[in-house]
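Undergrad: Here is my input; please provide its structure:
(one chain, ligands or ions: 1)
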Amino acid sequence: MIVNRLIETLGADVVWPGARSDTRFHRDWTAREPVQPLAVALPRSTEDVATLLRMCNDAGIPVVPQGGLTGLVGGAMPSADCVVINLSRLAPAPKINRDARIAEVGAGTVLETLQQAAADAGLVFPVEFGARGSCEIGGMIATNAGGVHVLRYGMMRDQVLGLEAVLADGTVVTSMNPLKKNNTGYDLRQIFIGSEGTLGIITRAHLRLVPIEPARAVALLRVPDTAAAHRLLDMLKTSVPVNAFEVMWPSYYAYACETTGTEPIAAGEGVLLLVEITGPDEAALQEALLTALVPWMENGVIEDAVLSQSEAQAQALWDIREANEALSTKYRNIIGFDVSLPRAQMQAFHDECIDALARLAPGSQMMCFGHLGDGNLHLAVILDGAPDADATTLKSRILTAAGARSGAISAEHGIGTDKLAWLHLSRSPEEIGMMRRIKTALDPKNILNPGKLLPPVSSAT
Ligand SMILES: Cc1cc2nc3c(=O)[nH]c(=O)nc-3n(C[C@H](O)[C@H](O)[C@H](O)COP(=O)(O)OP(=O)(O)OC[C@H]3O[C@@H](n4cnc5c(N)ncnc54)[C@H](O)[C@@H]3O)c2cc1C
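TA: Okay, here's the model as predicted:
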C-alpha cells in the first residue's frame, strides 16, 4: 500500500500513517471537525516533495499541501483518502541580499521569522497581518495573502520575484529568477500565486524587501460615510506617504473599544478611519499628518480625530483596529466574509447587508471593518443571538450582494471549500473553464488539493 511504500522510500521520520500522525495536521484554524488523513508527510527538501508527488501521482492518491494552517477558507483541510504534505520543515534561515533587497526563503519559513531576518539587515518584508507568528511563506504565496500594507506595497503577488514549485508528477520547476524585468515568455510564477495548492507545491521563493521606515504617525478619525473617506484618501495620497487606510463601522468600533478598554473618540454614526503614514522622523510625520488633516477638520468632513503623539499611542490605535482577532474568543458562532467592492458600492453594500440580516436573522449582529484603501471589507456576522439562522442562506445572500455590485466574493482569503459554491458570482463561465484547462494540463489526475478552489465539473459552471 502507498503509505508503506512512502515510508520505505522516505523514512519513518518523514512519513507517518494517519493513525500515528500528529493530530495538529488534521485540522486548520477554522476549527472544523478534524479529519485523519491516510498519511502525513513532513518533507525535508524539494527532492522529498518531488518523490512524494511522483509516487502519489503514480498511485492516483490525492495530496493536500499545508503550511502554517492559518488559512480561513478550509483550503488546507485534509480528506480521509489523502496524503498531507506539510511544508513546515522547508525553513532554512532566510538568505538576505541587502544590496539587492531580496530574500531567498523556504516555503516553510514563518512570516515573523522573515520579518525579523529582514529587520536585522535594515530592511522590511512589507506583508503584515495578525497570523504572522504561524503562517508560512508557501501558504501566503498559495493564497496571495494581503494584510494591512497592500495600499502601499501590494499583495504577496507583488513581492514574489521568483519561485520554485513541484508539479503533480514530481517535475521541479525552478523559476527563482530575482530580476525585476524578465519578458521571456509566460510568467510561470504567477500561475502558482493564489492557486491554493491546486497546481503545484511551492518549495522556495525570492521575495522583494523594502527599506525600513523607522517612524510612523497614526490618526483615528470619524467621517460621515465611505464617500467622504475616499475623498480624504485621495487628498492624503497627494501629500503624505499613506501606509494604511483602514475602516471600522461603529458597531465594530464599539466592540473593539470594549475589548481594548479605550475609546479615543466617540463612535458616532459615520465610519471610523485609521490612517498610518511612515517615514524617517516621527515628529515630522505627526506634523505632516496634522497639516494635511486640519483643513478637513475645519470644513467639518472630519467630525472627530485623535493623532498619535508617540509610538505607544500609535500602537494603541492599531490595537483597536486589530481587535478583530479576539472576536472568536468573545463569540461562538461567527461567519466571516472578506469581499472586494468598487468604491461607489461600499456604503450601499454595508447597508444592504444590515437590512438583509435584520430580515433573515433577527438577533444577529454584523461587524464591518477592513482595508478601505484597497476596497476590501471584512464582515463578521455573529449568530450567537440568532441560533435558528440558516448560515448557508445568509452566506449566499451576502456573497450574492457583493457579486451583484461587481465585487469579488474573496479579496484576500481565497476560495478553499468555503466559497466554492459561489465562485461563479465573481468569475465568468469562460474564466472558470480556462482555470479548469490549466488545472487539467498541470494535474491531469486531479491529485493536488482536489475539491478546493474549483467547483466540481458537474456543477453549473
Ligand atoms: C489571525 C489571522 C489573521 C489573518 N489576516 C489576514 C490578512 O490580513 N490578510 C490575508 O490575506 N490573510 C489573512 N489571514 C489568512 C491568510 O490566508 C493565511 O494566514 C496565510 O496566507 C496562509 O498561510 P498558511 O501558511 O497558514 O497556509 P495554510 O493555511 O496551511 O494553507 C492555505 C492554502 O495554501 C495551500 N498551501 C499551503 N502551503 C503551500 C505550499 N507550500 N504550496 C502550495 N500550496 C500551499 C494550502 O493547500 C491551502 O489551500 C489571516 C489568518 C488569521 C488566522
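Undergrad: How about the backbone phi and psi for the closest residue to the ligand within the stretch 301-450 of the chain?
TA: Distances between the stretch 301-450 of the chain and the ligand by C-beta to the nearest ligand atom are smallest at Glu412, namely 3.3 Å. Yep, even glycine has a C-beta here, placed from its N, CA and C like the rest. Glu412 has phi and psi values of phi -140, psi -40 when expressed as degrees, to the nearest 10.
Undergrad: Pull the CA coordinates from stretch 59-73 and hand them back as PDB.
TA: Presented in PDB, the C-alpha positions along stretch 59-73 are these (Å, rounded to 0.1, in the frame of the first residue of the first chain):
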ATOM      1  CA  ALA A  59      -0.900   5.700  -7.400                       C
ATOM      2  CA  GLY A  60      -3.600   8.300  -8.000                       C
ATOM      3  CA  ILE A  61      -3.600   9.400  -4.400                       C
ATOM      4  CA  PRO A  62      -4.800  12.900  -3.500                       C
ATOM      5  CA  VAL A  63      -2.400  15.200  -1.700                       C
ATOM      6  CA  VAL A  64      -3.200  18.200   0.500                       C
ATOM      7  CA  PRO A  65      -0.400  20.800   0.800                       C
ATOM      8  CA  GLN A  66      -0.200  22.500   4.200                       C
ATOM      9  CA  GLY A  67       1.700  25.500   5.600                       C
ATOM     10  CA  GLY A  68       1.000  27.100   8.900                       C
ATOM     11  CA  LEU A  69      -2.700  26.100   8.800                       C
ATOM     12  CA  THR A  70      -3.900  29.700   9.400                       C
ATOM     13  CA  GLY A  71      -5.900  29.900   6.100                       C
ATOM     14  CA  LEU A  72      -9.500  30.900   6.700                       C
ATOM     15  CA  VAL A  73     -11.400  29.000   4.000                       C
END
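Undergrad: buried ones in it?
TA: For stretch 59-73, burial by neighbour count (16 or more other C-beta atoms under 10 Å) applies to 61-73.
Undergrad: Specify the local secondary structure of the nearest residue to the residue of the stretch 301-450 of the chain closest to the ligand once chain neighbours are set aside.
TA: Take Glu412 and drop its neighbours on the chain: the residue closest to it by C-beta to C-beta, 6 or more residues apart in numbering is Gly146, 4.1 Å away. What DSSP: H, G, I helix; E, B strand; the rest coil gives for Gly146 is coil.
Undergrad: and Gly146, what does it touch?
TA: Gly146 makes contacts with 127, 129, 155-156, 371, 374, 376, 411-412, as judged by C-beta atoms under 8 Å, 6 or more residues apart in numbering.
Undergrad: which one in the residues you listed is the model shakiest on?
TA: Among the contacts of Gly146, Phe129 carries the weakest pLDDT, at 90.
Undergrad: What's the local residue count around that one?
TA: Around Phe129 sit 18 other residues, with neighbours defined as other C-beta atoms under 10 Å.
Undergrad: and the lowest-mean-pLDDT helix or strand in the chain, does that touch the ligand?
TA: Here the helix or strand of the chain ranked lowest by mean pLDDT, DSSP states H and E is helix 327-330, holding a mean of 91. No: shown here: helix 327-330 not in contact with the ligand (C-beta under 6 Å from any ligand atom), separated by at least 8.9 Å.
Undergrad: could I get that helix in CSV with only the CA atoms?
TA: Extracted in CSV, the C-alpha atoms of helix 327-330 (Å, rounded to 0.1, in the frame of the first residue of the first chain):
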residue,chain,number,x,y,z
LEU,A,327,-13.8,38.1,18.0
SER,A,328,-13.7,34.3,18.1
THR,A,329,-13.0,34.3,21.8
LYS,A,330,-15.9,36.6,22.6
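Undergrad: Let me know the next secondary structure element after it.
TA: Counting by DSSP states H and E, the element after helix 327-330 in chain order, helix or strand, is strand 334-340.
Undergrad: what about Leu377, is that helix, strand or coil?
TA: strand.
Undergrad: To clarify, my last question referred to Ile415.
TA: What three-state DSSP gives for Ile415 is coil.
Undergrad: Numbering from 24 from now on, please.
TA: Sounds good: first residue 24 from here, last item Ile438.
Undergrad: what about it, how many neighbours?
TA: For Ile438, the count of nearby residues is 25 (other C-beta under 10 Å).
Undergrad: same thing with Ser198?
TA: Counted with other C-beta under 10 Å, the neighbours of Ser198 add up to 20.
Undergrad: confidence score at it?
TA: So, for Ser198, pLDDT stands at 91.
Undergrad: Please tell me I have it right and Lys418 contacts Ile358.
TA: Yes: in this structure, Lys418 is within contact of Ile358 by C-beta atoms under 8 Å, at 6.1 Å.
Undergrad: My guess is Leu422 contacts Leu443. True?
TA: No: using C-beta under 8 Å as the test, Leu422 is too far from Leu443 to be in contact (11.3 Å).
Undergrad: neighbour count winner among these two?
TA: Using other C-beta under 10 Å as the criterion, Leu422 and Leu443 rank with Leu422 on top: 22 against 18.
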